[in-house]
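# predicted model and sequence follow; I will ask about them next.
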Amino acid sequence: MFNFEKLEVWQKSVSFAGLVHRATRTFPSDERFGLTNQIRRAATSISSNVAEGSARPPADFAKFIGYASGSLCEVVTQATIARNESFLSPPDYAAIYRDAEEINRMLSGLRKSLE
């Protein structure tokens, strides 16, 4: 087992990426290479940055947590656009937003512990 796999924020971020992938399955097919791809990549990037940063010195790890936070903000923005375009149902949007708030708190705490 890798050390990053023990991090609760990494575990939650992996689950979050799954939530986003499932919620975007119903997006219009003409969005497959647009918003669908963009929000999925941003969601996947969160746990990837946590994992990559964990293999680096603490100061660099903190930077990667910052990148993960940026990706999380991208997901929230893209989910809001998807909701506004009626691609994303209100319950799916609420679940994504709720989990994003929790992950944001976790990332913030981890980053502070590294600085």
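Good, I have the coordinates.
# give me the pLDDT value at the spatially most central residue of the chain.
In the chain, the C-alpha closest to the average C-alpha coordinate belongs to residue 43, at a distance of 3.6 Å (C-alpha atoms, centre = their mean). The model reports residue 43 with a pLDDT of 98.
# chain center to stretch 62-71, what's the gap?
The gap between where stretch 62-71 is centred and where its chain is centred comes out at 10 Å by C-alpha atoms, centre = their mean, to the nearest Å.
# any idea of the mean pLDDT in it?
On average, the pLDDT along stretch 62-71 is 98.
# how about that stretch, which residues are buried there?
Neighbour counts over stretch 62-71 (16 or more other C-beta atoms under 10 Å) mark 62, 64-65, 67-69, 71 as buried. Glycine gets a C-beta too; all of them are placed from N, C-alpha and C.
# re earlier: secondary structure element for the residue nearest to the centre of the chain?
helix 35-54 (DSSP states H and E).
# ditto for residue 16
Assigned by DSSP H and E, residue 16 falls in helix 8-23.
# swap in residue 26?
Judged by DSSP H and E, residue 26 forms part of no helix or strand.
# how many residues are close by it?
Per other C-beta atoms under 10 Å, the neighbour tally for residue 26 reads 11.
# ok, it to residue 13 distance?
23 Å (C-beta to C-beta, to the nearest Å).
# now residue 86
Residue 86 sits 27 Å away from residue 13, taking C-beta to C-beta as the criterion.
# and those two? Which one has more around it.
Neighbour comparison, residue 86 and residue 13: the larger count goes to residue 13, with 27 against 9 (by other C-beta under 10 Å).
# shouldn't that one be in contact with residue 71?
No. If you go by C-beta atoms under 8 Å, residue 13 and residue 71 don't touch, sitting 9.2 Å apart.
# quick check: neighbours shared by those two?
Residues within reach of residue 13 and of residue 71 at once, by C-beta atoms under 8 Å, 6 or more residues apart in numbering, are residue 46.
# pLDDT wise, what is residue 115 at?
Note on residue 115: pLDDT of 82.
# who are the contact partners of it?
The contact partners of residue 115, by C-beta under 8 Å, 6+ apart, come to 59, 62.
# distance of it relative to residue 89?
38 Å.
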